[in-house]
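Quick one: sequence and predicted model below, then my questions.
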Amino acid sequence: MDLVAKLRWLLLAVAKPVAWIAPLLARLAIGWMFFEAGKGKIEDISTPIKFFTDLGIPAPKANAYLVAYTEWIGGAMLILGALTRIASVPLIITMVVALLTAHRAEITSWQTLIGHDLFKYLALLVWLFAAGAGPISLDGLLVKIFGSKLEAGAKK
């Protein structure tokens, strides 16, 4: 075995037993951020309504409530790892819309897009959508309990 193969084997041997940490930390970090942001919007809904009105977003009151509760409920679902892939979708949409509206003037190049905090949130949400909640989650518990039935249903 050459040096590169040995190094790869060693890294995988160390990383595999702790692989569950990555989705757990990702869910907790992004979930808490959205939970708190949504909670703040709900507690002072007049501020996001005014902000959405100033941006020219249609139906600013309805959209402010939609975003606030999407962030609050979606954040809680991510923290718990409950329906993580489903919860990620409306949060992904919220981040795309925020980048295209509220933060559009800040995006002047590919570099400013990649460096923007909302893009980082978007990237993390897309990863959670693709990878799932991981084993330390309600989703992981459901798979453990109903795994074969869930997999059979998904193959149909």
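Here it is on my side, so go on. Note that the coordinates shown come from a computational prediction; the quantities given were computed from them, not determined experimentally.

Please count neighbours and contacts with C-alpha atoms only from this point.
Noted.

so what pLDDT did the spatially most central residue of the chain get?
Closest residue to the average C-alpha location of the chain: L125 at 2.9 Å, with C-alpha atoms, centre = their mean. The confidence metric pLDDT takes the value 98 at L125.

Spell out the secondary structure type for it.
In three-state terms, and counting by DSSP: H, G, I helix; E, B strand; the rest coil, L125 is helix.

my guess is L118 meets V97, correct?
No - counting by C-alpha atoms under 8 Å, L118 stays clear of V97, with 10.3 Å between them.

Contact partners for M95?
L118, F119, Y121, L122 (C-alpha atoms under 8 Å, 6 or more residues apart in numbering).

and the residues you listed, which of them are in helices?
Using DSSP state H, L118, F119, Y121, L122 are the members of these that sit in helices.

From what I see, the second one and Q111 are in contact.
Read that as F119. No - counting by C-alpha under 8 Å, F119 stays clear of Q111, with 10.8 Å between them.

Give the next helix or strand downstream of the host helix or strand of N63.
Per DSSP states H and E, N63 falls inside helix 60-80. Downstream of helix 60-80, the first helix or strand assigned by DSSP H and E is helix 84-100.
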